[in-house]
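My questions concern the predicted model and sequence given below.
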Amino acid sequence: MVTPKLILEGKVAILISRGYGAGWYTWHYDKRLLFEPKIVEMLDDGADPHEIKSYCEKTYGDELYYGGVDGLEVHWLPIGTQFKIDNYDGAETLIISDDVCWITA
């Protein structure tokens with residue numbers, strides 16, 4: 001199944017939570033919610049976190065944790081960029097593969 005993504009000008013919208021306390025993707029690991037176009041649009045329109053959480057519960061059910069919605073932000077990455085999301089105490093950070101300097105023992 002292909003995960004829907006919002007793509008504009010060669011970049012893909014990624015949703016992460018910068019706020020401490022609860023992460024977004026790192027607390028549910030559901031790729032659909034990592035890229036969810038509707039949530040990106042809702043944030044762009046200034047939606048309240050409660051509206052977004054309600055949308056998620058109606059669309060994806062209440063089995064997933066949506067607590068990170070309070071610090072949710074949209075980040076745009078060029079199509080094909082490899083990345084991962086780190087979490088420290090709920091605050092998520094995008095790690096781009098090109099920015100990692102691997103060391104070999």
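Here it is on my side, so go on.

you'd agree Leu94 is in a helix?
No - secondary structure of Leu94 (DSSP: H, G, I helix; E, B strand; the rest coil): strand, not part of a helix.

what about it, distance to Tyr66?
20 Å (CB to CB, to the nearest Å). No exception for glycine: its C-beta is placed from N, CA and C like everyone else's.

residue contacts, the closest residue to Asp89 other than its chain neighbours?
Leaving aside its sequence neighbours, Asp89 sits nearest to Tyr20 (CB to CB, 6 or more residues apart in numbering; 5.1 Å). Contact analysis of Tyr20 by CB atoms under 8 Å, 6 or more residues apart in numbering lists Gly71, Asp89, Gly90, Ala91.

Kindly recompute the last result at 10 Å.
By CB atoms under 10 Å, 6 or more residues apart in numbering, the residues touching Tyr20 are Asp70, Gly71, Tyr88, Asp89, Gly90, Ala91.

Could you give the bridge partners of the third one?
Just to be clear, that refers to Tyr88. Ala91 (DSSP bridges).

Quick check: it vs Gly21, distance?
11 Å.

Using the three-state scheme, assign the residue most central in space within the chain.
Closest residue to the average C-alpha location of the chain: Leu15 at 2.3 Å, with CA atoms, centre = their mean. Under three-state DSSP, the three-state class of Leu15 is strand.

Alright, I will stop here.
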